[in-house]
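Participant: Need coordinates for the following:
(chains A, B, C and D)
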There are 4 protein chains.
Amino acid sequence: MKVQDFKWKKGITVKEMVGSFKHLGFQSIELSRASEVIVKMKKNNAKVFLTFTSNMVTSGLRGFFAQIIKLGMADVIVTTVGGLEEDIMKGIGEKFEIGKFEADDVELHEQGVNRVGNLYINTEAYMNFEDYINPILHKLYLKKKRWTCSDLFKEIGLMLEDEDSILYQAARKDVPIFCPAITDGAFGFHLYLFQQNHPDFIVDVVQDFGKILLCTSHDEKKGVIALGGSISKHHAILCTLLNGGAEYAVYMTTAHKTSGSMSGATTNEAKSWGKVKDDSDIATVIGDVTFTFPLAMINALEELDEEGLL
Amino acid sequence: MKVQDFKWKKGITVKEMVGSFKHLGFQSIELSRASEVIVKMKKNNAKVFLTFTSNMVTSGLRGFFAQIIKLGMADVIVTTVGGLEEDIMKGIGEKFEIGKFEADDVELHEQGVNRVGNLYINTEAYMNFEDYINPILHKLYLKKKRWTCSDLFKEIGLMLEDEDSILYQAARKDVPIFCPAITDGAFGFHLYLFQQNHPDFIVDVVQDFGKILLCTSHDEKKGVIALGGSISKHHAILCTLLNGGAEYAVYMTTAHKTSGSMSGATTNEAKSWGKVKDDSDIATVIGDVTFTFPLAMINALEELDEEGLL
Amino acid sequence: MKVQDFKWKKGITVKEMVGSFKHLGFQSIELSRASEVIVKMKKNNAKVFLTFTSNMVTSGLRGFFAQIIKLGMADVIVTTVGGLEEDIMKGIGEKFEIGKFEADDVELHEQGVNRVGNLYINTEAYMNFEDYINPILHKLYLKKKRWTCSDLFKEIGLMLEDEDSILYQAARKDVPIFCPAITDGAFGFHLYLFQQNHPDFIVDVVQDFGKILLCTSHDEKKGVIALGGSISKHHAILCTLLNGGAEYAVYMTTAHKTSGSMSGATTNEAKSWGKVKDDSDIATVIGDVTFTFPLAMINALEELDEEGLL
Amino acid sequence: MKVQDFKWKKGITVKEMVGSFKHLGFQSIELSRASEVIVKMKKNNAKVFLTFTSNMVTSGLRGFFAQIIKLGMADVIVTTVGGLEEDIMKGIGEKFEIGKFEADDVELHEQGVNRVGNLYINTEAYMNFEDYINPILHKLYLKKKRWTCSDLFKEIGLMLEDEDSILYQAARKDVPIFCPAITDGAFGFHLYLFQQNHPDFIVDVVQDFGKILLCTSHDEKKGVIALGGSISKHHAILCTLLNGGAEYAVYMTTAHKTSGSMSGATTNEAKSWGKVKDDSDIATVIGDVTFTFPLAMINALEELDEEGLL
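Facilitator: You can find the predicted model right below:
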C-alpha cells in the first residue's frame, strides 16, 4: 500500500476520512486497520467483548456505547463500577459539566464539584444516586439474597427508562455486564451499608467468574475491543484466553508498552495466545479514545450498514 | 531554590544523588519532593496506604515491597490479584526471566512462555500455583465458609516461608492487603472451580469494603503512595476520601492526566478533597516506577534511619 | 457547557462529528477548541505561522499542507529540512510505502529500505533526489552566490510541477518557508558537496533570521499552529515573541509538558508572552497529528467556507 | 538472566543500585543495558557523539555534561542553541530558579520571569547575555568574516572561566560542538543585529556540515548517546550514517515510537544502518533524562574508573 497525500473535499464524511487513513502513516493507518478488524469480527460472527474504563462513560461516549449494544455490535461488556454509577446518574437526569484540566481544585472543592480531567461532577449527583439505588437494593434483596454482579446490573438496567443508557440497552439485548471490582466506587459503599443491616446479602464475584467463562467457548470465534486498560481489559483477555484465545483483537489506549502495564500491552501478545496468526486480525491504536474509537467504529458501522449487515 | 549543576563524585550514594535532585529541574525535583512527602507521612504518624499494580511485582520490586512492609513504612496495601499470585509463585520457588520487549510472540507461545513487557513467565508456573493453592482453599474452607479477600490473603501469608514475600511480611506485621478484583486472574479461576464443588464457599467483597473503610478514621492522618493507576490507586483514594481525605499523597506513574484516566490523575485533585492545603504535602512523579520508586523510597529510608525513626 | 451523549447517525460528516466534540470530555473538547481558535485566527486576519516536523510530510499530510497554503490558511511555514526533501521527492514522482512499526530492520536494510515509524522510503529515492537537486544548485549559483534558505526553497518551488507540493503552493502564494537547520538532512550533504567546488557559495541563515523577524510586526495580529515540537515550533514562537507575542496559539503534539521539552510545552506559556489573556484563544491537543490536525482543520475549513471566508 | 527481588541496604551506592537493575524488569533493565553499552563504546575506543536538547542544560545537567567532556567520555557534541546560550549565562554568573509546572503564567510574565517546565529564567538574564555576547562578536569579526558554528563556539569557550561550563571544557579538550540551527534562539537575534552593521559577517553552516562529516571516518568505531530528540539526535545519526553507521547507540527519551517522530525513534533502526548486528550494542531507555542519564552514566564511570580506564 502506497502513502497517498490526504486532501479535504467539502462536506467530507467520517467514512471518507477514515478511508483516506488507509494511505496515511503512523496512527492513522493503525486506526484504519482497527476499523477493518471490527468489520471482520462481525462478518465472522465472533462473540465480541467490549471493555472500557469509567472515564469514557464520564466523557460522553456513554450514548455511543448504548447505541453499539443496541446495534448488536457488542455481546459482552466488561467495565469498572464508576462508569456504571454514572450511567445510572445520567439515566435519572444528572448532567455533567465540561471544564478545564487546569482548574483551581481548592475552589472546586468549596463548590462541591469533583473533577475528572476536564469534566466536573457535582457532589449532589452522588446523593441523588444514593437515593435512587437504596430502594432498588431492598427490592432485589426481597427477590434473593445472593447475587452475581452481572445479574444485579441486568435488574437495574431493566428498571431504567433511558435509551442512551448502557445498562438499559444491555438489559434489553441480554448482553451481560461484568464488573470484577464492583465495590470500587460509591456503589461499593452503598452495598456495604446495606449489608450492615442485611448480613445475609451477598454479592458473589466468584460465581460471576463462572458466568463470564461460560458465556463463550473454545469453538466460538472471539473478538476483544479493549478501550483503555485496567481490569476491564485484563478480565476480557483472561476469559477469552481460558476459552482458547481470541481470533480478533483491537486495543485503543494512551498507554505505551514500555512500562509493562496492562494498559499499554499490545495486541502482539494476542499472538502468544496461539490462535491469532495473521497480522490483519489485530490492531493497536495509540490515542485518546474519545476520538479514536468513534472514528474507527463509525467507519465499521457505515461499512456493515452498506452491506446490510447491521 | 536555585538550580545547581549536578556532578559525579566517585562512590556517590543513592542518598547523595537524590539530594542533588533538589536542585535539578523537571522530574528530578518532583522525585525529590516525593521523597520528602514520604518522610513527612512517617514523621507525622500518618496511616500509609501503599498501592501498586501486578506488573511491579513481576518486575522484581516484590522484595522491596516486602522490605518496606517489614520496616513499618506501609500500613495498608491495595493491589490487583495478579501480583499476589506471582508473590506466591516466587514464594514457592518460581523464577521469572528477563527478556525483550520485541520478542517473537508466536515462538514464545510454542515454548509455553508468557510475556509481560520484557519479562517472561513460564506456563508451568501457573500449574505449580494451582497445585499449591488448591489444598490451601480446602484448608481455609474447613475453617469457615465466608471469607473476605483480606482475611484470605492473611492466611496464605502466614503459610508462606519466604521473607521476600509481600504476603509473608504483611501477615506478620498485621498489614491488611485489599484486592477489590480478586477474581481477575488465575486465582479467580481456582476460586471458581473450588466453588463448583463447594457452593457455600463465599468470597465476600462487600464485607471487605467495610474493612478498608474502618481501617482508618477521620481523626487519623492519612497518606497515599500510589504506584501506577488502576483500581488499586482508586480504591485507596476512595477509602481515604470517605474518611475525610488524605493529608499526604505521592503518585508515581507513566500515565498523563490528559486522557482523564485514573492512572494519570494528579495529586492536585487531592486538594479538591479539602484537606491538603499545602503543596509541600503532595507530589506527582512521571516515570517508570521500577526506578522512580526505589530512588524516592531509599532516600526516605536513609533519612528516617539517620534520625532513628526506622 | 454540558456533556452530551455522542451518537452515530448514518453518513455523519467530519464537521458534524467535530461539532459533537464540543460536548465530549478529555481531548475531544480540546480538539474542538483548537478548531475554534483556527477559525478565530482567520476571522481576525491574524498572520498564521504553521509549523510541522518532517515525519508529518512523510505521513501523507503533505497534500493537505499544500492545500491549506493554497486556500490561504497559512502565511508563514517553519519546518525541518527532511520534510522539504520528501516534498521534492514526491514532487518528482517518488512513492512511499506503508509498512509496520515492528518490521525486521536488518532485512529492510538488505533491501535498501529506510524505515520511519510504520513507513518505508527506498534508498533509491535519495539517489533520485541527488540527481534532481544538483543541476538546480548550479542554476541558482549562477544567479547569485549568497542565498537565504527561504529564497532557495522559493526558487525550487517555482520549478516544481506538482499541485500537491508544499514548495509549489508556497512559492505561488508567496508564503515563505523557513528552515533554520537546512543542513540537517540529505540536502545538507549536497550543499556541502557543491560548496567544495564552489567555495563562494553561501547559505546565509543569519539573514534569514531577519526575514522571519520582519515578516510580521508588533501591530499585526499573529497566530501559531504548531504541529509536533522541535525547532520548527520554537522558531515560530521566538519570532512572534520578538514581535510582541501571538494572540492565538494551537499546539498539537504527542509530547507532554512533564519533561520540560519544547515538544511538550503547552499553550499556557503563550499567556506568559503577555498578549493572550483569554483562554478561548489558545488550545493544546494531545494526540497523533495525522488525525488530530485533519479533524480540527477540516472543521475550521467547513465553517469558514459556509461563511464565505475561504 | 533471572529476575531478582530488589532490596535496600543502608548506604547503597548508585553503582550498587544500577547493578541491581540488571535483575529488574521494564525500564530498569534497559537502563542497565544502556550503561553497559556506554562502557563498551569506551573500551572499544569508539568516537562518541553526545547529543542533548536545551532543556537538559536548563535542568542542571550542564555541570555533568561539562564533567563528562572533561573526563574524555564525549568526543563530539551536537545540541541546540538555547542550551549554549544558557551555558554562557550560567558561565557569567546567572542563576535559574526551581518553580512549579502549574505556575500562574500571567503573573510570571508581569514579574519578567520565563518558565521552562518547572524552571524559571529571568528576562534580565537575556539582557546580560546580550551585553556579554556583543563585544565577543566584534572581537571575532576582527579575526575573520566567515565562521562555522563550531569554530565560533570554540572561541567563546576559550574566553569563559567556568569549569562547569560545557563550552569551557569542550574548548579545552578540543571537542567540537555542532549546532545545526544556530539562529534558533536569542543568539540568532544578536547575530542578525550584528550582521545588519557588518553585512560581510557570515555564519557558514554548510562548511560546518563538512566538519562534522570529517570528524570521523568509515574505519573508526562510532557510538551515539542521544538524550531527547530534535535535530541534535538526527544530526549525529546522519553524520554517523554517512560514515558507514554507528557500532553503538544509546537513546534516552520520553517520546515513543508510535508517532514516527525523531524523538521517539528507537535504537532498532540502528540495525537498519547495517553495522549494528548485536542487540547488546544498542539500548533505548524511556524516562526523564534528568534521572535516567545520571544513573546510567555514573554506573559506567564507576566501572571504567575501577578498571583504570578513566
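Participant: Helices of chain A, start to end?
Facilitator: Using DSSP state H, the helices of chain A run over A:14-21, A:27-43, A:54-56, A:62-70, A:81-91, A:105-110, A:123-143, A:149-159, A:166-173, A:186-197, A:205-214, A:230-242, A:268-272, A:289-306.
Participant: Quick check: which of those helices is nearest to residue D:16?
Facilitator: With Cβ to Cβ as the criterion, residue D:16 lies closest to helix A:268-272 of the helices of chain A, at 33.5 Å. C-beta here means a position set from N, CA and C on the backbone, and glycine is covered the same way.
Participant: how about that closest one against chain D, any contact?
Facilitator: No: Helix A:268-272 lies out of reach of chain D by Cβ under 8 Å from any Cβ of the partner chain, never closer than 13.3 Å.
Participant: Any buried residues in that helix, and which?
Facilitator: A:268-272 (16 or more other Cβ atoms under 10 Å in any protein chain shown).
Participant: Show the secondary-structure elements that it is packed against.
Facilitator: Packed against helix A:268-272 by the contact rule (3 or more Cβ pairs under 8 Å, 6 or more residues apart in numbering or on different chains; DSSP states H and E) you find strand A:282-286, helix B:105-110, strand B:113-116.
Participant: and residue A:274, what pLDDT?
Facilitator: Looking at residue A:274, its pLDDT reads 69.
Participant: Also residue A:277?
Facilitator: If you check residue A:277, the pLDDT there is 68.
Participant: And residue A:291, by the same measure?
Facilitator: 96.
Participant: Residue A:115: what's it in contact with?
Facilitator: Counting by Cβ atoms under 8 Å, 6 or more residues apart in numbering or on different chains, residue A:115 touches A:99, A:103, A:105, A:108, A:121, B:269, B:272.
Participant: follow-up on the earlier one: would you turn the helices and strands packed on helix A:268-272 into CSV with distance to residue C:39?
Facilitator: Listed next are these as CSV, based on distance: least, Cβ to Cβ, whole Å:
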stretch, distance to residue C:39
strand A:282-286, 28
helix B:105-110, 46
strand B:113-116, 47
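Participant: Deepest in the core, which of the ones you listed is it.
Facilitator: Across the helices and strands packed on helix A:268-272, averaging neighbours per residue (mean count of other Cβ atoms under 10 Å in any protein chain shown) puts strand A:282-286 on top, at a mean of 25.
Participant: Tell me if it is near chain C.
Facilitator: Yes: using Cβ under 8 Å from any Cβ, strand A:282-286 reaches chain C at residue A:286.
Participant: what's the angle from that strand to helix A:289-306?
Facilitator: Interaxial angle of strand A:282-286 relative to helix A:289-306 (axes from the mean of the first three to the mean of the last three Cα atoms, to 10 degrees): 140 degrees.
Participant: Just the mean pLDDT for strand A:282-286, thanks.
Facilitator: On average, strand A:282-286 scores 94.
Participant: Ok, stretch A:168-177 next?
Facilitator: So the average pLDDT for stretch A:168-177 ends up being 98.
Participant: mind checking the end-to-end distance for it?
Facilitator: Distance between the two ends of stretch A:168-177: 11 Å, counting by Cα to Cα, to the nearest Å.
Participant: How far does it sit from its chain's centre?
Facilitator: Counting by Cα atoms, centre = their mean, to the nearest Å, stretch A:168-177 is centred 13 Å from the centre of its parent chain.
Participant: From chain D, how far out is whatever residue of the stretch 201-310 of chain A ends up closest to chain B?
Facilitator: Nearest residue of the stretch 201-310 of chain A to chain B (Cβ to the nearest Cβ) works out as residue A:260 at 2.9 Å. Using Cβ to the nearest Cβ, to the nearest Å, residue A:260 is found at 4 Å from chain D.
Participant: go on, residue A:157?
Facilitator: To chain D, residue A:157 is 37 Å away according to Cβ to the nearest Cβ.
Participant: what's the answer for residue A:197, then?
Facilitator: Residue A:197 is 45 Å from chain D, by Cβ to the nearest Cβ.
Participant: How about the contacts made by the closest residue to residue A:64 other than its chain neighbours?
Facilitator: Leaving aside its chain neighbours, residue A:64 sits nearest to residue C:6 (4.7 Å; criterion: Cβ to Cβ, 6 or more residues apart in numbering or on different chains). By Cβ under 8 Å, 6+ apart, residue C:6 lies in contact with A:60-61, A:63-64, A:294, C:20, C:23-24.
Participant: So which helix or strand of chain A has the lowest pLDDT on average?
Facilitator: Least confident helix or strand of chain A, by mean pLDDT, DSSP states H and E, is helix A:268-272 with a mean of 73.
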